[in-house]
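Undergrad: My questions are about this predicted structure, shown below with the sequence.
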Amino acid sequence: MTEQELFDLSIKYFPRENIESTRILGNRVVVQIKNLAEDKVRAEELKSVVQKILPTHKVSVIFVTSAEVNLGVAQIEKWQINGVKKIIGVASGKGGVGKSTTAVNLALALANCGQRVALVDADIYGPSVPTMLGYEGSPLTTADGEHFNPFLEYGIQSVSIGALIDRNTPLIWRGVKACGAIEQLLTQTLWNNVDIMVLDMPPGTGDILITLSQRIDFAGIVIVSTPQDIALIDAVKGVNMFKKIGTPVLGIVENMSWFVCPHCGKRTDIFGFDGAKETAVRLGENFLGDIPLDMVIRAGADNGAPIVAASPDSPHSKAYEQIAHKILAQIGI
Ligand SMILES: Nc1ncnc2c1ncn2[C@@H]1O[C@H](COP(=O)(O)OP(=O)(O)OP(=O)(O)O)[C@@H](O)[C@H]1O
Ligand SMILES: [Mg+2]
C-alpha cells in the first residue's frame, strides 16, 4: 500500500480537508486527522480496514487540533524576562514520561558545557524540580519585597512554581491562577546573567501550555517521550501544537529507551524499540538522543542528586551532554 492509497482510503472515512497526513514508515501506519472531534468509531473502522491490508503493521489514527485559529503570535506581547539570553522548554504530551528528570539533567549538562544555566519549574500539576535539585520552600524575596532571589544548586539558578501555588487549590482552578504565577516567577526573579534557561513545562497540550508558548520567547522546545505507542501519539500532538503556534521544536528525546538488567547486564526494550526516533523522522523533527531506564537515574532524581551532577563521567551523563551539545548548536550558542 502506498501513502496515496492510504489517503484515498482515509477519505472514505473522514472529510478530505480534515486529513492532515497519511504516512507509512517502516512497520508503522499513521493517519492524522485535524480539527475534528475524536470519533473513535470511525477511527476503528479505518484502522481495521488498513490492518487487513497490512496485517503486520502498527496502525494509528490520531486526532490533532490545528491551533492556527486565534493563535497568531505576532500580536501577543511577550513577557519581559530580564537577565536571560535564551529559553528552552521541556515538554511532553503526557505525564510521567520523565520530563522533569530530563529537564534537570539537561540543565546540568548544559552547565557542564560551560553555560550559565537557570532551571524553572513551571509544572503546576506536579512541581518536582526542588526535590530533584535538593532545595525546599519559597525563594527569598529581596529587601524591597519586589523580587525573588533564585536558589543556587549545583551552580544552577532555580525557582519552582510549587512555592507559589497552594497544594490544596483544586486542579481546575490552578490553571486560571497558574499563568499569572508563572509570569511572576519568570519576570520578578533576579536572574544573574543566564545564558540559557530550561523550563519544565506542564504536560499535555492544554491552555496553559498554549499561553506559555505565546508569552515566552522560546528559542525552542524539547519534547520528551518514551518509546511506547501511547506516549508517542501524545508526543505527536505536542509537536503539532508547538508548530502551529510557531514555537520552534528542537527535537525529541527518547527517555526510558531500554532497560539494562543490573544483575545480568542484558538489555531489554520494554517499551519497544526506537519508537521516538521513528516518530521524530516521521514528523520531520530532530532526534536528540536516547536515555535508558536505569535505577541510578531514578535514585539520583528522587534524592536531590541528579546523575549528571552525581556522576558526570558516567555514560548516562555523557548521553545528556550530547543532547545538550545538539541543542546549543541549534539555538546558536
Ligand atoms: N531514564 C530513567 N530511568 C529511570 N527512572 C526514570 C528515568 N526517567 C525518569 N525516571 C523516573 O520516573 C519517574 C517519573 O519521572 P519524572 O518525574 O521526571 O516524569 P515527568 O514526566 O516529569 O512526570 P510528571 O508528569 O509527573 O511531572 C520518576 O520517579 C523518575 O525518577
Ligand atoms: Mg514532572
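TA: Yep, that arrived. Numbering: from 1, shown residues only. Ligands and ions are numbered 1, 2, ... in the order given.
Undergrad: where's the closest residue to Cys261 other than its chain neighbours relative to Ser225, distance?
TA: Nearest-residue entry for Cys261: Thr268, 6.8 Å, with adjacent residues in sequence omitted and distances by C-beta to C-beta, 6 or more residues apart in numbering. Heads up, the C-betas are built off the backbone N, CA and C, glycines and all. Taking C-beta to C-beta, to the nearest Å as the criterion, Thr268 is separated from Ser225 by 19 Å.
Undergrad: ok, the two, which is more surrounded?
TA: Per other C-beta atoms under 10 Å, whichever of Thr268 and Ser225 has more neighbours is Ser225, with 30 against 10.
Undergrad: Okay, and the beta partners of the more buried one?
TA: The partner list for Ser225 in beta bridges (DSSP bridges) reads Glu254.
Undergrad: And it, how far from Pro130?
TA: 24 Å.
Undergrad: Please enumerate the helices of the protein.
TA: Residue ranges of the helices in the chain, as given by DSSP state H, are 3-10, 40-53, 99-112, 129-133, 171-187, 207-215, 229-245, 275-283, 295-302, 307-310, 315-331.
Undergrad: Quick one: list the elements packing against the fourth one.
TA: For helix 129-133, the helices and strands in contact under the criterion 3 or more C-beta pairs under 8 Å, 6 or more residues apart in numbering; DSSP states H and E are helix 99-112, strand 117-121, strand 151-153, strand 156-160, helix 295-302.
Undergrad: May I have that helix exported as PDB, CA atoms only?
TA: What follows is helix 129-133, C-alpha atoms only, in PDB (Å, rounded to 0.1, in the frame of the first residue of the first chain):
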ATOM      1  CA  VAL A 129      12.400  20.300  40.400                       C
ATOM      2  CA  PRO A 130      13.100  21.300  44.000                       C
ATOM      3  CA  THR A 131      13.200  17.600  45.100                       C
ATOM      4  CA  MET A 132      15.400  16.700  42.100                       C
ATOM      5  CA  LEU A 133      17.800  19.600  42.800                       C
END
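Undergrad: That one and ligand 1, are they touching?
TA: No. Using C-beta under 6 Å from any ligand atom, no contact is recorded between helix 129-133 and ligand 1, whose separation bottoms out at 7.6 Å.
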